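[1] the following comprises the amino acid sequence and a computationally predicted model.
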Amino acid sequence: MANVVPMSRPLQVALLADAAASGASAALLVTGADFLESWLGLPVALMREVGLVLIPYVMVVAFMALRPTTSVGGVTTIVAINLTWTAASALLLVSGWVAPTMLGISFVLVQGLAVGTLGAIQYVCLRRVSVIATA
């Protein structure tokens, strides 16, 4: 597999969707943590910190999506981060570290599954463009 491959439209869309969804989540969690606490049952500090962690992630993913070529290792790292995020979301719910409401449980599960789905789509898109690039 090549180290750098041309950016395909499907991969670009998957990366931009990730950046947009992560950016919306960051904005919601950073600015709305106080409001969301009673609805979700998640600690304000956790939500704000997660939102702040997402900001540089969004910038990197958007930057990569807008390049004419992309690093296979870079996209693979994004996929790994997304799959780790999904696992961490599940772990958060079973760990007992937080006591979310039913809406909070749903919020964590839905966003975790969405992130995992984006990671899987990005992986498939990367594999396709890598096969084409090496053909």
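    The structure has been received and is ready for your questions.
[2] check contacts around the nearest residue to Trp85 once chain neighbours are set aside.
    Once flanking residues are discounted, Trp85 sits nearest to Val115: 4.8 Å by CB to CB, 6 or more residues apart in numbering. In this view, the C-beta of every residue, glycine as well, is placed from N, C-alpha and C. Contacts for Val115 (CB atoms under 8 Å, 6 or more residues apart in numbering) come out as 18, 21, 82, 85-86, 89.
[3] at 7 Å what do you get?
    Val115 makes contacts with 82, 85-86, as judged by CB atoms under 7 Å, 6 or more residues apart in numbering.
[4] and those, which is closest to Gln12?
    Closest approach to Gln12 among the contacts of Val115 (CB to CB): Asn82, at 16.1 Å.
[5] buried sites along stretch 49-58?
    Neighbour counts over stretch 49-58 (16 or more other CB atoms under 10 Å) mark 50-51, 54, 57-58 as buried.
[6] one step back: so which of the contacts of Val115 is surrounded by the most neighbours?
    Within the contacts of Val115, neighbour counts (other CB atoms under 10 Å) peak at Asn82, which reaches 25 neighbours.
[7] Three-state assignment for the residue nearest to Trp85, please.
    State at Val115, reduced to three classes by DSSP: H, G, I helix; E, B strand; the rest coil: helix.
[8] repeat for Thr70
    Three-state call for Thr70 (three-state DSSP): strand.
[9] burial of it, as a residue count?
    Neighbourhood size, Thr70 [other CB under 10 Å]: 22.
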